[in-house]
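Trainee: here are the coordinates; sequence isn't available:
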């Protein structure tokens with residue numbers, strides 16, 4: 001019986017690790033997409049200065065951070081309620 005519980009716990013930990021890796025890969029993907037979008041915007045607006053790029057980049061990343069924070073808080077609230 002204890003062996004079965006131990007095996008279940010190991011499987012659960014492996015799935016948690018895989019889930020975290022998937023989340024990290026997704027965030028890397030989003031980061032690349034945002035960079036591509038920022039370059040497209042700067043090209044479209046014919047913006048040559050780095051200041052514009054940094055301002056736009058900060059704006060996008062702050063919005064993404066807020067979205068992630070909301071999702072994290074919802075996740076914590078769901079776990080606390082369960």
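Mentor: Thanks, I have it. Since the structure is predicted, the reported quantities are computational estimates derived from the model, not experimental observations. Numbering: from 1, shown residues only.
Trainee: Could you use CA atoms for every contact and neighbour count after this?
Mentor: Noted.
Trainee: what's residue 45 sitting at in phi/psi?
Mentor: Dihedral pair for residue 45: phi -90, psi 0, per degrees, to the nearest 10.
Trainee: Count the residues that sit near it.
Mentor: Residue 45: 9 surrounding residues under other Cα atoms under 10 Å.
Trainee: Quick check: the gap between it and residue 38.
Mentor: Separation of residue 45 from residue 38 (Cα to Cα, to the nearest Å): 11 Å.
Trainee: cool, residue 6 as well?
Mentor: Counting by Cα to Cα, the separation of residue 6 from residue 38 is 48 Å.
Trainee: Of those two, which one has the most company?
Mentor: Taking other Cα under 10 Å, residue 6 and residue 38 do not tie; residue 38 has more neighbours (18 against 11).
Trainee: isn't that one right next to residue 56, touching?
Mentor: Yes. The pair residue 38 / residue 56 is scored as a contact, 7.0 Å apart, by Cα atoms under 8 Å.
Trainee: Can you list the helices and strands that whichever strand or helix holds residue 74 packs against?
Mentor: In this assignment (DSSP states H and E), residue 74 forms part of helix 50-81. Of the remaining helices and strands, those touching helix 50-81 by 3 or more Cα pairs under 8 Å, 6 or more residues apart in numbering; DSSP states H and E are helix 2-44.
Trainee: now the helix holding residue 74 against helix 2-44, angle please.
Mentor: Orientation check (axes from the mean of the first three to the mean of the last three Cα atoms, to 10 degrees): helix 50-81 against helix 2-44 gives 150 degrees.
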